[in-house]
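In: from the sequence below, what's the structure:
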Amino acid sequence: MVDILNTAIRGLMAFRAGMATTGHNVANVNTPYYSRQRVELGTAPPEKQSYGYMGTGVDIESVTRAYDDFVMKQLRGHTSGVSQYEHLNDLTSQLSALLGDTDVGLTPDLEAFFGAMQDLADSPASIPARQVFLDEAETLTTRIQDINSALSDLRDAVDTGITNAVTAINNLATGIADINRAVAQAADSATNPPNDLLDDRDRMLVDLSKLAGIQVVTQKDGSLNVFLNNGQPLVVGNTTQKLLAVQSGFDPQEMTVRLEGQAEGSDLERYITSGELGGYFEFRRTILNPAQDGLGLLAIGVAETFNEQHQRGMDLDGALGENLFNIGSPRMLAHSKNQGDALFSAALNNTAGAYELSYDGTDYTLMRLSDGVIVKDNFSLTDDIPLIVDNIYLEKNAGAVASGDRFLLQPSAQGAASNATSTPYNGNTGAATFETRAITTTDSSQLVRSDYEILTSGVASRASYTNAGNAIISAPTVIDQNDANFTNTVTIQFTGAATYDVIDNTTGATLATAQAYVSGATIPPTGDYNGWSVAITDGATPIAAGDTFTISAGYTVTRWSDNQEILSNGDFTALNDVMRAEGLHLNLQTSPPYSPPRYEDRFLIQPTRNVAPSFELNISDPRKIAAAAPITATAWADNVSSTAISAGTVVDADNPNLQNTIRIQFTSAGAFDVLDLTTGTTLATGLSYASGNEITYNGWSAIITGSPQGNISGNPVAASAEPTNQGSATVAVTGLTDLYDEDLLNKVEIRFTSTNTFDVFDLTKGATLASGVSYTSGGNISYNGWTAQITDDPGPPAVTPQAGDVFQIRSDGDAFVIKNNQGGIGDNRNALALVDLETKQQLLGGNTYRGVYAQMIAEVGAEGRRVENTLWSQEALLEQSTMTRESISGVNLDEEAANLVRFQQAYQAAAQIIQTSNAIFSTLLEAVRG
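Out: Residues are numbered from 1 along each chain as shown. Here you go, the predicted model:
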């Protein structure tokens, strides 16, 4: 009976546990990530009897949960993906709505701006039209600033999201570590796991995966180690590694993430590629930054191109145009962990100035004279095949060039045509000439939407372009990059063909003197200079005294937009070469005294990121709008031929002689002289003429077309007697008293009022120059820069001029005049040039202003569609993994109801056994008593 009772009690307890577990399941049917539990039953050990083994009932072996680790891993991964793209989608949608909104976006303001410019071009003297244009320009600058402010608000929201996510990650990591501790303390957790704790931990892991992608490793004691996807630990057993939301080492305006205790600069941003944090980082990196860069590029493009063209115009008061807009400079950031205190500054390219081209018998070298920088060395030129370098066009004409020949190139200065011929230096033995011109595209056309990272990657070497010899220097061999002076600028100065000194230019210290030179030998022969050594090897031309070689900091440049390394360990000259191709010019700041960049120092250039806030209108007075062109170009009224000249365009508004009066005088049908009447100088004589060629002087350019008439008399002016004269006196121009007199070519009549007096009339100006002048045969008559003589007909009989006789002095040969457009308030040529900027494809690989903005909108829209589509796919995957988990671990109420009935019936049966056992026991007691 005892055996029957014990067996029944075991069953009763087992079935009660089953009902309790079923009730627990039902109660947690809506608990997130609750795993269905079940009671695992096993047969109790039997008792040995004489007739064999007798069963003793059932044991509760454990309470387990329905769980699949692989499915949970998938679910966490898909949760990370959904969270990442949910945040990406939300932020991208906000940005897309901002840029594309007709009430907030930029397109309507661009249209209104150019519409007002067109209205101004139609009425250039109208003050109201000018004021409307200024109002629209102000609206445009304000709108760009407002959009940039909205983008900055999104950036702030990203930073706030990063900070909040890091806080949540740390809290979850602490919770997981606490559960790990509790799980590990459960002595039999391997066989009897604390299921509800494990479910709580799973929920925390899923919540953690929403914030960042994680990897989970289970330990023998049941605890879990949690790592970021790059392997950085967050939870190890019951300890945590805190994340920190910190300012970026490059940009204090941006938040990034690193582990507590790690060195500054050990940012984890590049490794966190999923979850909420991954969404924030991806949005900022791939969508927000390009959009803000594009807006800055647009602001720079509008400011630079409008300023450049506006400066080529003239305002209502006759002054040359000022900058229409103000705009900031590219942003340069030094990393906070840099060892040196060096600073760079960045600016847009400036191509004005002169260059020296030299030839060493094999290669050419091009040096910019404004700063002595070699912009290109060791290059070749082929006849009539142009090369574009440093924003200038360079072409070699036919003719030999000899070793040592040098040429002065002035692409922006005076020239006879658009391709200005170079000036050979005295002493050249070759006869070659070169043509050059400044590339007319603006600097902003070279800019791309990218940041650039400059790493001080070592040291680099260079031979001076002035060296008499052509020895080459090796790349430095690094011996100790930790040397305190490793990146100092050092010069190896040859004092003779076989000796040299070594000078540290940074410290001023002399490192060595009178060292013996051996071609190809290591310098220094033993040890190192500042942690490096080099070798110099003779070329065809031996080293001479004065030859120098420089070792200085080497730079590696990475363009972030496409992660391309565009320079590998080049010196500062090479650095500027590659950055100039990107539309930028760098300066290494030296004041106050800065040390050179140290090894592994890093710098970040943001050419367009933060310029939009500084985009503002520079002009408030409508009279200062330069709608007119500052010059006029006209054919002389008395020209014989129908040859025409273009209106003239300004190519260099900074030229101080831009508005000087220039006369182009044809001496023959194929040649002309150029005279500056303002300064009284001859700019050129005997220049060859070809119809349609561009003629450029003093910062302007004009084109003459047709077949001009040259002078016949040999002078720019000629004299003639009217055929109706009664007398037979003759007239001739005998000299020029002032070749540069602006009235030299005016048509002048000498009208005799009697046989011995005459009046002088300037018909061109409509002015009387003199009256009642006494006449002497052969006497000098001088006006307007010329001298003429009228001589009696010697006869016989002698004949003097008669009253009414007329003699004329006029231009001889076609002439053209370029001069100040004084009083040209109705001129709209520069306004039309400003209107034309609307359709010029001069930004970002051939885009208009609207094209740049439309590209921004299109790219954000395309990213939005990509993000949305990816979100849909991630949501589908998450739904699938969730359903899979539910099918394995979820609570099915129908199933639980069936289990409850089953356990209830079993419980009742066990109770019946107890009742039966009790009846048997009672019967036995009664029998014993009886």
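In: quick check, G861 in contact with A97.
Out: No - counting by CB atoms under 8 Å, G861 stays clear of A97, with 10.5 Å between them. C-betas here are computed from N, CA, C, even on glycine.
In: which phi and psi does Y775 have?
Out: With angles defined as degrees, to the nearest 10, Y775 sits at phi -100, psi 130.
In: residues contacting it?
Out: Counting by CB atoms under 8 Å, 6 or more residues apart in numbering, Y775 makes contact with F752, T755, N756, T757, F758, I790, T800, P801.
In: among these, which ones are in strands?
Out: Counting by DSSP state E, the part of the contacts of Y775 found in strands is F752, T757, F758, I790.
In: which among the residues you listed end up buried?
Out: F752, F758, I790 (16 or more other CB atoms under 10 Å).
In: who does the first one form a beta bridge with?
Out: Judged by DSSP bridges, the bridge partners of F752 are F758.
In: re the thing from before, just send the buried ones among the ones in strands among the contacts of Y775 back as JSON lines, with distance to A497 and pLDDT too.
Out: Output for those, formatted as JSON lines (distance: CB to CB, whole Å; pLDDT from 0 to 100):
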{"residue": "F752", "distance to A497": "82", "pLDDT": "96"}
{"residue": "F758", "distance to A497": "79", "pLDDT": "96"}
{"residue": "I790", "distance to A497": "75", "pLDDT": "95"}
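In: out of the residues you listed, who's nearest D135?
Out: Among those, F758 lies closest to D135 (CB to CB), at 61.0 Å.
In: return the helix or strand in the protein with minimum mean pLDDT.
Out: Here the helix or strand of the chain ranked lowest by mean pLDDT, DSSP states H and E is strand 420-421, holding a mean of 42.
In: which other residues reach stretch 55-66?
Out: 3, 6-11, 13-14, 17, 21, 35-47, 191-193, 195, 198-199, 888-889.
In: check which residues of the helix or strand hosting V835 are buried.
Out: In this assignment (DSSP states H and E), V835 forms part of helix 829-836. For helix 829-836, burial by neighbour count (16+ other CB under 10 Å) applies to R829, N830, A831, L832, A833, L834, V835.
In: the fourth one: what's it in contact with?
Out: Pointing back at L832 there. Neighbours of L832 in contact, by CB under 8 Å, 6+ apart: A121.
In: one more pass at 10 Å, please.
Out: L832 is in contact with M117, Q118, L120, A121, D122, P124, A627, A629, counting by CB atoms under 10 Å, 6 or more residues apart in numbering.
In: can I get the buried part of these as one PyMOL selection?
Out: The PyMOL command for the buried members of the contacts of L832 (criterion: 16+ other CB under 10 Å) is given here:
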select buried, resi 117+118+120+121+124+627+629
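In: circling back to that earlier point, kindly reformat the ones in strands among the contacts of Y775 as JSON lines containing distance to I914.
Out: Listed next are the ones in strands among the contacts of Y775 as JSON lines, based on distance: CB to CB, whole Å:
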{"residue": "F752", "distance to I914": "158"}
{"residue": "T757", "distance to I914": "160"}
{"residue": "F758", "distance to I914": "156"}
{"residue": "I790", "distance to I914": "157"}
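In: can you name the two of those residues that are farthest apart?
Out: Greatest spatial distance in these: T757 and I790, 12.2 Å, computed using CB to CB.
In: ok, back up a step: pick the one among the buried residues of helix 829-836 closest to A637.
Out: Comparing the buried residues of helix 829-836 against A637 with CB to CB places R829 closest, at 21.1 Å.
In: against L677, how distant is the residue lying closest to that closest one once chain neighbours are set aside?
Out: Leaving aside its sequence neighbours, R829 sits nearest to A629 (CB to CB, 6 or more residues apart in numbering; 4.0 Å). Distance, A629 to L677, by CB to CB, to the nearest Å: 19 Å.
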